[in-house]
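Novice: Here is the input, now give the coordinates:
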Amino acid sequence: MHEPRSGAFRKPREDVVVSVCFSELSASPATFDALRAIAATLDAAYRFREIILVVDERERAAFLDVVRQVPNTRLFVVRSGTEYYDRRVIAAEEAIGDLVVIGHLEEVAALDVPAFLDYAEAEGAVTMVYRPARPPFKRLAAWPFIALGKLAGFNVDPFEWQTIAVPRTLLNLLLAHDEPRLALRFPPRDPRLPREWMRTEANVASRTAFMGLGRRLALFQTLLVYLTPMILTVVSVSSALLALVGLAYGAWIVGAVLLVEHLAPGWLTTNAMLAVSATFMGVSTLGLSLGLQHLLKQQRRLKTDLVPEEVNRIDLFQQVAFDLNVVLESDTPPSTPRPPSGPEG
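Specialist: The predicted structure follows:
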């Protein structure tokens, strides 16, 4: 792991558009000041940038002032109770930048954002923030999540920072994943998605112990739910074995009836019920698990319909074209065709 040099950009870059997304914000003066400071840092490093805010509908009015004060800030309003991971997906889908940061406000404020983006662009990888200093009990508490994440195919460590920097190409791959909510927080174990870390010694209040306990419980449940296909596969195999055992047991009972002259009273009835019950349970559970697997495969690529409301619209592409003195073809009025010249009659 390598820590990029600070101050990598000497002057505002004009060859890239940067998007910085926040999906969890509280309407407070400290939040507004942090957003202004981040915008100033980005403006010093990039000519073209946008800031995307995803907030609850009840906090819409509180963020209108900062949206007016900070240029190229886009505000999206979602229903109250929308999950944190769903908000990250909304922010990522709305971002138009070539380099995108999806993160937590306090974490981004503590980072050298231009260096963070420079490192992600240079490595061409999903870049996460790694803080080596970690209490032993936190390392121990992370192991269940790490183990479940490996089974589910994700690089899960709940104590890594929530902020990631990712180039546009890799962001499209993350959004196309079957579970983009987890992919945007814990990149999948996929060779197409290289992952790098940027070291930091900084710490923020939101990273202290147990402040995100509810979210970690939700993460644990989400990982278990994502393991449903694997669990259903295990259930299918065990159900098929149970059905085969029931059939074999029934065949053994029939053989006993044909070959044994004297059976104990009640033996035939009891064993016949056991064989029928085992066969029925195996076949019925197998059918249910196969049916659920079929439905899951059909719904695998369908995503939840989460439609946010964009409060203000900005035309960053038009601004880029104006600043670079580029005339768009669609803006050029069509010329009137001239009639062909010919000899006058």
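Novice: any weak-confidence spans in the stretch 51-200 of the chain?
Specialist: 132-139, 158-159 (pLDDT under 70).
Novice: which residues in it form strands?
Specialist: Applying DSSP state E, counting those that start in this stretch to the stretch 51-200 of the chain gives strands spanning 73-78, 99-103, 126-130, 164-167, 195-199.
Novice: could you redo these as a markdown table and give each row distance to residue 28 and mean neighbour count?
Specialist: To be clear about C-beta, it is placed using only N, CA and C from the backbone, and glycine gets the same treatment. Formatted as a markdown table, those follow (distance: least, Cβ to Cβ, whole Å; neighbours: other Cβ atoms under 10 Å):
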| stretch | distance to residue 28 | mean neighbour count |
| --- | --- | --- |
| strand 73-78 | 16 | 20 |
| strand 99-103 | 18 | 26 |
| strand 126-130 | 23 | 23 |
| strand 164-167 | 24 | 26 |
| strand 195-199 | 28 | 17 |
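Novice: Any chance of JSON lines for the ones you listed, columns distance to residue 312?
Specialist: As requested, the strands of the stretch 51-200 of the chain are exported to JSON lines (distance: least, Cβ to Cβ, whole Å):
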{"stretch": "strand 73-78", "distance to residue 312": "6"}
{"stretch": "strand 99-103", "distance to residue 312": "20"}
{"stretch": "strand 126-130", "distance to residue 312": "29"}
{"stretch": "strand 164-167", "distance to residue 312": "25"}
{"stretch": "strand 195-199", "distance to residue 312": "32"}
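Novice: Ok, which of these comes nearest residue 261?
Specialist: Checking the strands of the stretch 51-200 of the chain against residue 261 by Cβ to Cβ gives strand 195-199 as the closest, at 71.6 Å.
Novice: Show me the domain layout of this structure.
Specialist: 13-213, 228-298 (automatic domain parsing).
Novice: any idea how far the longest one is from the chain center?
Specialist: The one in question is domain 13-213. Domain 13-213 has its C-alpha centroid displaced from the chain centroid by 10 Å (Cα atoms, centre = their mean, to the nearest Å).
Novice: Quickly find the element holding residue 20.
Specialist: Secondary-structure assignment from DSSP states H and E places residue 20 in strand 13-22.
Novice: Which strands and helices lie in contact with that strand?
Specialist: In terms of contact count using 3 or more Cβ pairs under 8 Å, 6 or more residues apart in numbering; DSSP states H and E, strand 13-22 is assigned the packing partners helix 29-45, strand 46-56, helix 84-94, strand 99-103, helix 105-110, helix 113-123, helix 316-323.
Novice: Need the winner for burial among the domains of the chain.
Specialist: Each of those was scored by mean neighbour count; the highest is domain 13-213, a mean of 18, by mean count of other Cβ atoms under 10 Å.
Novice: From residue 249, how far off is the nearest residue in space to residue 194 that is not next to it in sequence?
Specialist: In this structure, residue 194 finds its nearest non-sequential neighbour in residue 125, 4.0 Å apart by Cβ to Cβ, 6 or more residues apart in numbering. Look at residue 125 and residue 249: by Cβ to Cβ, to the nearest Å, they are 56 Å apart.
Novice: What of residue 280?
Specialist: Applying Cβ to Cβ to residue 280 and residue 249 gives a distance of 12 Å.
Novice: for residue 292, same thing?
Specialist: 27 Å.
Novice: and what of residue 230?
Specialist: 29 Å.
Novice: which residues of the stretch 201-345 of the chain fall in helices?
Specialist: 213-226, 228-259, 267-298, 316-323 (DSSP state H, counting those that start in this stretch).
Novice: where does the stretch 201-345 of the chain have low pLDDT?
Specialist: 205-213, 299-310, 313, 315, 317, 320-345.
Novice: neighbouring contacts of the strand holding residue 20?
Specialist: 35, 38, 42, 45-54, 88, 91-92, 94-105, 108, 113, 117, 121, 316, 320, 323-324 (Cβ atoms under 8 Å, 6 or more residues apart in numbering).
Novice: Mind doing that once more with 7 Å?
Specialist: 38, 42, 45-54, 91-92, 95-103, 105, 108, 117, 316 (Cβ atoms under 7 Å, 6 or more residues apart in numbering).
Novice: Just give the strands next to that strand in its sheet, each with its orientation.
Specialist: Here strand 13-22 is paired, per DSSP bridges, with strand 46-56 (parallel), strand 99-103 (parallel).
Novice: by how many degrees do it and helix 84-94 diverge?
Specialist: 150 degrees (axes from the mean of the first three to the mean of the last three Cα atoms, to 10 degrees).
Novice: Please work out the average pLDDT along strand 13-22.
Specialist: Across strand 13-22, the average pLDDT comes to 91.
Novice: and it with strand 73-78, angle?
Specialist: Going by the same axes, to 10 degrees, strand 13-22 makes 30 degrees with strand 73-78.
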